[in-house]
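Participant: what would the 3D arrangement of this be:
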Amino acid sequence: MSQTREINFEDTVYDFLKGSKLYTSRVSKNFNLEYVLDVELLEQFIRNTQPETWRKLERQFPVNTMEAVANEYAKLRDKRGVLNLIREGFVLQGASIKLISFKPSSSSNPEHQKTYEANSFSVIRQVHYSTLFPDKSIDLVIAINGIPIITLELKNEFTGQNVTHAVEQYSKRRQSKDPFLKNCLVHFAVDNNTVLMTTKLDNGNTRFLPFNRDTKNPIIPDKFGSSYLWEKILQADSLLEILNNYIFYEQDEKTKALTTIFPRYHQLSCVRELLADVKKTGTGKNYLIQHSAGSGKSKSIAWLAHQLSNLFDANNQPIFDSIIVITDRIILDRQLQKQIKQFEKINGTVKTITQGSKQLIKALTDGDKIIISTLQKFGYISEIANLNGKHFAIIVDEAHSSQSGENVKDLKVSLTTDDALINIITQDDENSDPKDTVEKELEKIMASRQKLPHLSFFAFTATPKLKTLELFGIPDATQKSGYRAFHEYTMRQAIEEGFILNVLDNYITKSTYFELIENEKAEEGREFEKLKAKRLLINEVNKHPFAISAKSHIMLSHFMEKTIHKIGGNAKALLVTSSRAHAVLYKKAFDKIILEQGYGIKTLVAFSGTVDLDGDNYTEESMNGPKVSDIANEFKRPEYKILIVANKFQTGFDQPLLHTMYVDKVLGGVATVQTLSRLNRTTKNKQDTFIIDFVNKHKDIQKDFQNYYQSTILDKATDTQKLYNLKYEIEKADVFSEDKVTYFIEMFVRKRVKSEVLSPYFREIADEKYLALSQEDKDKFRKNIIKYIRQYSFISQIITFIDTNLEKFYLFVKLLFKYLPYEKATLPLEVTQMVDMDKYRVQEEENGSIILNPEDATLENKQSDGHKAIQVDSKERLEVIVKQINDKFAIALDDDDKVVKEMYESLKKDNSLMESLRADNIEDVKRLKLRESIDDALLKNAEPPIEFMNKLSKDKGLANYVVGQFLEMLMKEANESNAEYFEN
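Facilitator: So this is what the prediction gives:
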């Protein structure tokens, strides 16, 4: 068994490295522990690569030349850090000293290549690193020109030890303040199959991160699973590239402490594979990077942008003139600026566009290397300066959702000259005939929608949609015509490696049961559109004061009992509502309960525009207060615990203190993953998350998450012929003729007439032909036009031919659609006045984890060509509609679930109570009297709602809330009766 000892694993790694390019073997005693240097190797590098510098040093320090250099190095290392010295070198008595020579970006300078090859890597085993503990040693150390940069602890699993024992050694048997260990850039804990790393030893608090190809490294025939580390990563070329382009210092905004950032394996492999493919294939290709939240996407984008800006082709020419990063995230701007500044010595490498299109035009024409902008700014560039012959890399950050359509067309037009577009058009033999100016203009527009040879797109997303996969993905080997991402870091791996939390671990669903009854206002035999009536009535139930208050109480009780103490008392919650009106109602209900219960927390609400409820107008400012201008920033304050949202903050909102989510909205597809993933960020003391969902079910959530848990694959490409089918269906409606389209194009493209000329033209078409259609045909016509507009904006980017008739049709119907009068089939609101809610209950249904399978998901590319039948909403009597709703939602309800309407009517008839409320009593006296009257009303009832009574007696919070609700309603009643008294 001698061949399975730990030392044999160490032999494997050591022997491979010492025989590698630029590597040499040294021994522990070669290190001078006072300077933490192999002084001999550093002197050798300076002498060989900087002879003039060495002569200057000898003149200044004729006796102990290298001792002076080593002494100055040690002093500056403690001030500036090893990485800074390696990158920038230092000056000693007028002599400029370089400690390393990085590989040149191009091969145009042979002298630079020669100094690069003069670097000397050394691998040393069993290094006695400490003067305080001379008997302790580290298995392997790697140094560059005598400067130690990497340590490794190796464990052979055949001996019964593994990577956890290596981690324990680093954490418990290595002093983190030891100069040798403190100044190494990264430490690896390695066994036969697993690799972990850390850039900072902190004794018992040391945190090791995975550096594996997957959660578990795949099996490699006849090799250790971890062999990629020494065979690929630790090779000289690889390490020098990492030192030059990846490692950087990151400063904590609060503590200002510096942390050394070493790329994780997937980040390194992603950027390297992208660069290699671009270098091989050149520009004009699209790339999709499916990286989960927790992947460190911002750093990957920064590394990619920096290295694309310095990428050269075989002729030593830069492949890209500028790198354009499309993002709406301010934090990414800051990270790019700070990180790339450490790599570049030339100021102004990164240009953030903050002043509009003029600044963008100047940055593009000046050839700024990295430009950060929003996509919308490209839509305002009417005349771009000369960009002839320039090539661009466009990195699309997932925070920006508009990855296709008109916005991207504007970007392409802005970055493409007329000559370039004409070259694309003339590649099609069918377009070789002479064209008039209109056809030429349309061909240019259509060509600008397609893939362009001078533009390369790099799209980062955690949840690729169908269109994103087809537009940016690569062919998938498992599907005949499918697509997948170029590089992947899955949600599964991110969860298993601990970079994000699994938000499905604690997931409770609650079902709402209710019963409706027709009241005295109901009109016998009156019929309503069935589907719309059901939606309206269910919406009214969800907005009913009793429903809002019941769910508000459940959520706040849960938050105060279960959530508020999490994350060291800093936990926050998000309530996702189904509409702006619901957000307003919940904000009012939450604040009322918080005040009554004395909870001592605050809420914020986020919705757009103005909401009109019962004659009152509500805005974010009126509900949050005028001092709250930035909701996301305000929510960071400790007193704000719950954020109530309607279609805001469900994507791109990064608040690690979010622990709990309350969902009162139907979710589906990508929106499910994006919304619930607001909880998955990790932070100190955050151990878990919690979700209470009042609408969705476990199986639906599981289905949506499964699509993005592992790799996401599109099953087949879109059939571009569908556009012609849709075009035919629209033309068949006979609303307009081909002559109308031709005339419009002449006016719009050639003559560029103003909108006031086009307006009556489209109104006439709509009034004459569209209004004459039946309602069913109107609906079909509108829906087909919407489909064509949406599909063309996408399909035009993937087709490989030019057909200007499709572009003409698109431009025409896009404007015509705006002039089609839309008779929205609204349901009379009287239906809600004819129905009362009689019973109501919220009941827990599912409690536990939602389990996902570690398998790739295939999305089905369902394509519609306009032949789908239009659904007709039949009419039905109100009593039948109410019965159908009750059959579904009134399951297992009994009299204990009655809404407290009867009690309210009883309290109104209590003269003693009403007199007390009208009197000039303090509120506490009124509350006490009301509580007594409620108890009396419950006891006098022949069939009291037992469950409700039990809740009031056991739940003090609910009792206080019910008293508050009744007090508000009865005081309004008392004030109205007082007003009537004085009027009479």
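Participant: can you pull the phi/psi pair for residue 280?
Facilitator: As for residue 280, its main-chain torsions (degrees, to the nearest 10) stand at phi -80, psi -40.
Participant: quick one: it and residue 317, what's the gap?
Facilitator: For residue 280, the distance to residue 317 under the criterion C-beta to C-beta, to the nearest Å works out to 15 Å. Backbone N, C-alpha and C define where each C-beta goes, glycine included.
Participant: also residue 167?
Facilitator: Distance from residue 167 to residue 317, by C-beta to C-beta: 47 Å.
Participant: which one's more surrounded, these two?
Facilitator: Comparing residue 167 with residue 317 by neighbour count (other C-beta atoms under 10 Å), the higher total belongs to residue 167, at 19 against 10.
Participant: what's the spacing between that one and residue 201?
Facilitator: Distance check for residue 167 against residue 201: by C-beta to C-beta, it reads 11 Å.
Participant: next: residue 797.
Facilitator: From residue 797 to residue 201 the distance is 50 Å (C-beta to C-beta).
Participant: next: residue 704.
Facilitator: Applying C-beta to C-beta, one obtains 42 Å for the distance of residue 704 from residue 201.
Participant: strands along the stretch 351-500 of the chain, start to end?
Facilitator: Counting by DSSP state E, counting those that start in this stretch, the stretch 351-500 of the chain has strands at residues 370-373, 392-396, 455-461, 474-475, 483-484, 487-489.
Participant: turn these into JSON lines, columns for distance to residue 449, mean neighbour count and mean pLDDT.
Facilitator: Written out in JSON lines, the entries for the strands of the stretch 351-500 of the chain read as follows (distance: least, C-beta to C-beta, whole Å; neighbours: other C-beta atoms under 10 Å; pLDDT from 0 to 100):
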{"stretch": "strand 370-373", "distance to residue 449": "20", "mean neighbour count": "24", "mean pLDDT": "84"}
{"stretch": "strand 392-396", "distance to residue 449": "15", "mean neighbour count": "25", "mean pLDDT": "89"}
{"stretch": "strand 455-461", "distance to residue 449": "12", "mean neighbour count": "25", "mean pLDDT": "90"}
{"stretch": "strand 474-475", "distance to residue 449": "21", "mean neighbour count": "14", "mean pLDDT": "88"}
{"stretch": "strand 483-484", "distance to residue 449": "19", "mean neighbour count": "24", "mean pLDDT": "90"}
{"stretch": "strand 487-489", "distance to residue 449": "26", "mean neighbour count": "22", "mean pLDDT": "95"}
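Participant: output those in JSON lines; the columns should cover distance to residue 307.
Facilitator: Listed next are the strands of the stretch 351-500 of the chain as JSON lines, based on distance: least, C-beta to C-beta, whole Å:
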{"stretch": "strand 370-373", "distance to residue 307": "11"}
{"stretch": "strand 392-396", "distance to residue 307": "10"}
{"stretch": "strand 455-461", "distance to residue 307": "12"}
{"stretch": "strand 474-475", "distance to residue 307": "20"}
{"stretch": "strand 483-484", "distance to residue 307": "24"}
{"stretch": "strand 487-489", "distance to residue 307": "15"}
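Participant: ok, which of those comes nearest residue 250?
Facilitator: strand 370-373 (18.6 Å; C-beta to C-beta).
Participant: packing partners of that closest one?
Facilitator: If contacts are counted by 3 or more C-beta pairs under 8 Å, 6 or more residues apart in numbering; DSSP states H and E, strand 370-373 sits against strand 322-326, helix 330-343, strand 350-352, helix 357-366.
Participant: mind running it again at 10 Å?
Facilitator: The helices and strands touching strand 370-373, judged by 3 or more C-beta pairs under 10 Å, 6 or more residues apart in numbering; DSSP states H and E, are helix 297-308, strand 322-326, helix 330-343, strand 350-352, helix 357-366, strand 392-396.
Participant: and those: which comes nearest residue 180?
Facilitator: Each of those has some distance to residue 180 by C-beta to C-beta; the shortest is helix 330-343, at 24.0 Å.
Participant: centre of the chain to that closest one, how far?
Facilitator: 19 Å (C-alpha atoms, centre = their mean, to the nearest Å).
Participant: top strand in the chain by residue count?
Facilitator: The single longest strand within the chain, with elements called by DSSP state E, is strand 835-848.
Participant: name the next helix or strand following that strand along the chain.
Facilitator: On the C-terminal side of strand 835-848, the nearest following helix or strand under DSSP states H and E is strand 857-859.
Participant: just give me the residue right at the centre of this protein.
Facilitator: Against the mean C-alpha coordinate of the chain, by C-alpha atoms, centre = their mean, the closest residue is residue 652 at 4.7 Å.
Participant: now that one: how far from residue 462?
Facilitator: As for residue 652, its distance to residue 462 is 11 Å (criterion: C-beta to C-beta).
Participant: of the strands of the stretch 351-500 of the chain, which is nearest residue 878?
Facilitator: strand 455-461 (46.8 Å).
Participant: if you go through the stretch 101-250 of the chain in chain order, where are the strands?
Facilitator: Counting by DSSP E, counting those that start in this stretch, the stretch 101-250 of the chain forms strands over residues 121-127, 138-144, 147-155, 186-191, 195-198, 209-210, 248-251, given from the N-terminal end onward.
Participant: how about the helices in the stretch 751-900 of the chain?
Facilitator: Remark: helices of the stretch 751-900 of the chain, listed N- to C-terminal, are 755-768, 775-795, 804-818, 830-833, 878-889; assignment by DSSP state H, counting those that start in this stretch.
Participant: lowest confidence element among the helices and strands of the chain?
Facilitator: In the chain, no helix or strand scores lower on mean pLDDT, DSSP states H and E than helix 418-425, which sits at a mean of 55.
Participant: between the two ends of stretch 78-97, how far is it?
Facilitator: Its start and end residues considered, stretch 78-97 measures 17 Å (C-alpha to C-alpha, to the nearest Å).
Participant: may I see the buried residues of that stretch?
Facilitator: Using 16 or more other C-beta atoms under 10 Å as the test for burial, stretch 78-97 gives 81, 82, 83, 85, 86, 87, 89, 90, 92, 95, 97.
Participant: quick one: which of these sit in helices?
Facilitator: Secondary structure defined by DSSP state H assigns 82, 83, 85, 86, 87 of the buried residues of stretch 78-97 to helices.
Participant: so how far is residue 652 from the closest residue to residue 374 other than its chain neighbours?
Facilitator: For residue 374, ignoring the flanking residues on the chain, the nearest one in space by C-beta to C-beta, 6 or more residues apart in numbering is residue 328 at 5.7 Å. Here the criterion is C-beta to C-beta. By it, residue 328 lies 8 Å from residue 652.
Participant: and the strands in the stretch 551-700 of the chain, which stretches?
Facilitator: Read by DSSP E, counting those that start in this stretch, the stretch 551-700 of the chain holds these strands, from start to end of the chain: 572-577, 602-606, 611-613, 616-618, 640-645, 658-664, 690-693.
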